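Trainee: here is my input, please return the structure:
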Amino acid sequence: MTDTQAPGLADLQRWTWVLGRAQQMMMEQGLAAMQAPATGAPVVPGINDPATLQRASDFWQNSLTLWQRFLQPGEATEQQDAAPRDKRFKAEAWRDNPLFAWIRESYLMISDHLLSSVDAIEGIDARQREQLRFATKGFIDAMSPTNFAFTNPEVIDKTIETGGENLLKGLQHMLTDIGRGQLTHTSGDAFEVGRNLATTPGKVVKRTPLYELIQYSPTTKQVLSIPLVIFPPWINRFYILDLTPEKSFIRWCVDQGISVFMVSWKSADASMADVTWDDYIAAQIDAIDTVRDALGVPAVHTIGYCVAGTTLAATLALLSARGEAEKVASSTFFTAQVDFTRAGDLQNFIDDDQFALIRSLSPQGFLDGRYMAATFNLLRGRDLIWNYVTNNYLLGNDYAPFDLLHWNGDTTNLPAKWHLSYLTDLYRDNRLAQPGAISVAGTPLDLTKVRTPSYIQAGREDHIAPADSVWKLTGIFSGPLKFVLAGSGHIAGVVNPPAANKYQYWTNPAKTKTLDEFVAGATETKGSWWPDWVDWLRTIDSTEVAAQRARVPGKGKLAALEDAPGSYVKAR
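Mentor: I've put the predicted structure just below:
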């Protein structure tokens, strides 16, 4: 039996050159084949039309350039050095090791080619193109070499260093996630609702089959006479606005001298199979009337976040139609849409196949919240899926504690009947933006009749409710409006306490017709927009009253049922 000697460095270099030269020869042949069809030959779109041939030629030429860099690694170009940084490829090996540098650049080149090919396809409408582009981006993110053990130099180094323990630990992480049916983003035992999340003191003062009403304890001797009722989205738990004490919007509002009430929605179960949008609108009006009666005030301030903001707009339209608009002194909208023509990437999930899937997943009349969590993760797959595949499955790293991501994974179930109606009536058919197209309790809704003073906040980088979609609300309501564009996105753009001194916001008192026009003339202010909002709130009515009797939870008409944050927020 003949002993086989392991190849040395010189042998590996030689074979690398041979393989590279062979690939280069094939690419050169491919370039030669990229010729325009002969005169009279049929032109097939996407196969041999001039635009397709030019893209193919560019692709082959770029591939040749990459191989030349690989075969002569010392001759990196200035363009290569100046390439935009991608945090997936932050390890030095992605630049310093010729093989991994070639893998990285090949991947990025192919990614660009695939996306440009989608943009160049003819004969499809804008919606189809956007869906195809979204799917292509998802495929590209999934196929990143950072997601595979044998093409990620960090994983290779970690595997050698730990003797494979990282892969075993990562496998345990993966199996745990499979068991719970949900991707883990943060340390499982770092946070607990009521212990270090949602700790602002208060009492549950009302409970219905759909919501709990929480009243928070005052921290100032005087409070604004008009109380505030907050409607969070029922897609998530309310405590996004009451995270750790230093991030809590609720605690900050209380410290500003505002009487704060929070609606905590019940996570759907089989008893809510027949719940519709009418029920959520009725619940908002019920909460408004409950607070008005309990404190003996004619009106309340309101906040609606995301889908609850969309619902608040419908509530205002219904109150206006009934002649009861004076019940709401002001409305504030956090990243809320009412016109869905430019609703962003979520529109890629609005089709008959998705609707059929939701029906199949809801045999008891409610949709498991993990489905929506997966959907939102897909909107930012690179950050919320593949980043954790690499760090926690392949590298075997422990999960870092992060309160916001803990909340993100704390899912709620949705009433399936209403959720499907929401997707079809609003996202697909855009009926809320059409006066009279939707009725609630037999009353047609017309948002153009809403004259309630409104503060409209949008996030510049929001991928769920894009800023230009939120902006459309300014052209629909008839009352006095203030639009504020905040830095960051759907969550961080809202949850931005002044003490953090992060991000910025833009205001523009001039009447502008488009978001671009608003931005062009806007003034940028560093830090949080929260102080701007509370100043605006005081322009509505700055009257104050003593923080006593009914202003203290359990001391007025509403008895204290239990301590905040209540039971609904903890229900699975």
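Trainee: which parts of the stretch 451-572 of the chain are helices?
Mentor: Ranges of helices in the stretch 451-572 of the chain, per DSSP state H, counting those that start in this stretch, are 467-471, 515-520, 530-540.
Trainee: most tightly surrounded among these?
Mentor: Of these, the one with the most neighbours on average (mean count of other CB atoms under 10 Å) is helix 467-471, at a mean of 22. For the C-beta atoms, the positions are set from N, CA and C on the backbone; glycine is no exception.
Trainee: what is the mean pLDDT for it?
Mentor: Average pLDDT, helix 467-471: 97.
Trainee: just checking, what packs against it?
Mentor: Counting contacts by 3 or more CB pairs under 8 Å, 6 or more residues apart in numbering; DSSP states H and E, helix 467-471 is packed against strand 454-459, helix 515-520.
Trainee: relative to Val484, which of those is closest?
Mentor: Val484 lies closest, by CB to CB, to one member of the helices and strands packed on helix 467-471: strand 454-459, at 5.0 Å.
Trainee: note down every partner strand of the closest one and its orientation.
Mentor: If you go by DSSP bridges, strand 454-459 pairs up with strand 328-334 (parallel), strand 481-486 (parallel).
Trainee: for that strand, C-alpha coordinates in PDB please.
Mentor: C-alpha atoms of strand 454-459 as PDB (Å, rounded to 0.1, in the frame of the first residue of the first chain):
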ATOM      1  CA  SER A 454     -53.300  65.600  16.000                       C
ATOM      2  CA  TYR A 455     -49.600  65.000  16.500                       C
ATOM      3  CA  ILE A 456     -48.300  62.600  13.900                       C
ATOM      4  CA  GLN A 457     -44.900  60.900  14.500                       C
ATOM      5  CA  ALA A 458     -43.100  58.800  11.900                       C
ATOM      6  CA  GLY A 459     -39.700  57.000  11.800                       C
END
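Trainee: and Tyr114, what element?
Mentor: For residue 114 the amino acid is Leu, not Tyr. Leu114 belongs to helix 98-120 when elements are defined using DSSP states H and E.
Trainee: any idea how far Gln457 is from Asp516?
Mentor: 18 Å (CB to CB, to the nearest Å).
Trainee: return the distance of stretch 531-542 from the chain's centre.
Mentor: Here stretch 531-542 is found 28 Å from its chain centre; the criterion is CA atoms, centre = their mean, to the nearest Å.
Trainee: pull the residues that contact that stretch.
Mentor: 224-226, 228, 253, 256, 258, 301, 329-330, 332, 453, 455, 457, 482, 484, 498, 505, 507, 525 (CB atoms under 8 Å, 6 or more residues apart in numbering).
Trainee: ranges for the strands of the stretch 151-300 of the chain?
Mentor: 202-207, 211-216, 222-224, 228-231, 260-265, 300-305 (DSSP state E, counting those that start in this stretch).
Trainee: so which of these comes closest to Lys137?
Mentor: strand 300-305 (27.4 Å).
Trainee: sheet-wise, list the partners of the closest one with their directions.
Mentor: As assigned by DSSP bridges, strand 300-305 forms pairs with strand 228-231 (parallel), strand 328-334 (parallel).
Trainee: so which strand or helix has Gln434?
Mentor: Using DSSP H and E, no helix or strand contains Gln434.
Trainee: report the separation between it and Asp339.
Mentor: Distance, Gln434 to Asp339, by CB to CB: 9 Å.
Trainee: so those two - more neighbours on which side?
Mentor: A direct count of neighbours by other CB atoms under 10 Å for Gln434 and Asp339 places Asp339 higher, at 19 against 13.
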